[in-house]
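# would you be able to build a 3D model of this:
(one chain, ligands or ions: 3)
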Amino acid sequence: MDTLVVDHPLVAHKLTTLRDVRTDSPTFRRLADELVTLLAYEATRDVRTVEFTVQTPLAPAHGRHLARPAPLVVPILRAGLGMLDGMVRLLPTAEVGFLGMVRDEGTLKAETYATRLPEDLSGRQCYVLDPMLATGGTLAAAIELLFDRGATDVTAICLLAAPEGLARLEEVFGDSGKPIRVVTAAVDERLNEQGFIVPGLGDAGDRLYGVV
Ligand SMILES: O=P(O)(O)OC[C@H]1O[C@H](OP(=O)(O)OP(=O)(O)O)[C@H](O)[C@@H]1O
Ligand SMILES: O=c1cc[nH]c(=O)[nH]1
Ligand SMILES: [Mg+2]
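Numbering: from 1, shown residues only. Ligands and ions are numbered 1, 2, ... in the order given. Here you go, the predicted model:
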């Protein structure tokens, strides 16, 4: 499994404001949207393309366009929805599938409450969006589901990751030989007793959409 921490001053600037407890929901939503576009630029470095010749006003030019089938983008509800617009702005031809998952506050186990994905993902490159990789239970279950349906490779884009979550993904998928990448703006110190990333940014879903 590959992990890429995107080291860029604009990413650091936006992430710092996201962390700030004084940042209100509208600003949090806008910054999450902007940040994912920057992360997606790095995360799509290996997106499949095919060679293509285009006619300029002067002469033919060799170039590339995105290969078919189009990549599948999968936001994990709720919080991953805050990353969708920023991602499809960069990949407008991508298809979008949805996974609704929630972590039990007591056991910290992830439960899937909604699945709307193509049955057959053979040959598809998939990009999973979830701002927080904490224990890794949610992403491990999501990635497993995508591989079970035939996905070729999976890239998870997160705003923040905990070392415990990265270790969990390595433990689950490390020896599987399946291509998995995690792209994140930062790896924080640790998880606290409630499974929250420290220093983190709090509950991403609540900060985007309010406390439910
Ligand atoms: O790595 P894990 O320990 O599994 O935790 C991470 C998950 O927890 C949060 O979702 P939450 O359950 O709060 O749902 P929400 O997005 O609806 O708020 C977050 O958005 C991740 O999906
Ligand atoms: O720190 C965390 C951990 C899980 N989910 C969140 O939204 N934040
Ligand atoms: Mg939440």
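# contacts for the lengthiest helix in the chain, please.
In the chain, assigned by DSSP state H, the helix with the most residues is helix 25-43. By Cβ atoms under 8 Å, 6 or more residues apart in numbering, the residues outside helix 25-43 that reach it are 4, 6, 8, 10-11, 14-15, 17-18, 23, 82-83, 85-87, 89-91, 127, 129, 131, 155, 157, 159, 181, 183-185, 204, 207-210. Where you see a C-beta, it was placed from the backbone N, CA and C, and this is true even at glycine.
# ok, which of those also contact ligand 2?
A204 (Cβ under 6 Å from any ligand atom).
# tell me which of the contacts of helix 25-43 fall in helices.
Residues of the contacts of helix 25-43 located in helices (DSSP H): 10-11, 14-15, 17-18, 85-87, 89-90, 204, 207-209.
# ligand 2 contacts on this structure?
For the chain, the contact set with ligand 2 under Cβ under 6 Å from any ligand atom comprises A79, M132, A134, F196, I197, G200, D203, A204, G205.
# how many residues are close by the first one?
Each residue near A79 was counted by other Cβ atoms under 10 Å, and the total is 23.
# how much space separates it from L15?
Look at A79 and L15: by Cβ to Cβ, to the nearest Å, they are 15 Å apart.
# returning to that earlier point: which one of the ones in helices among the contacts of helix 25-43 is nearest to ligand 3?
A204 (6.2 Å; Cβ to the ion).
# for the chain, which spans come out with low pLDDT?
For the chain, no stretch has pLDDT under 70.
# and it, which of its residues are near ligand 1?
Within the chain, the positions near ligand 1 by Cβ under 6 Å from any ligand atom are 76, 78-79, 101-103, 108, 110, 130-138, 165, 195, 203-205.
# just the ones in helices from those residues, please.
Going by DSSP H, the helices hold G137, T138, G165, A204, G205 from the residues of the chain next to ligand 1.
# neighbour-wise, which one of those leads?
Highest neighbour count within these, by other Cβ under 10 Å: G165, with 28 neighbours.
# which ones are touching that residue?
Counting by Cβ under 8 Å, 6+ apart, the residues that G165 touches are L133, A134, T135, G136, L139, L191.
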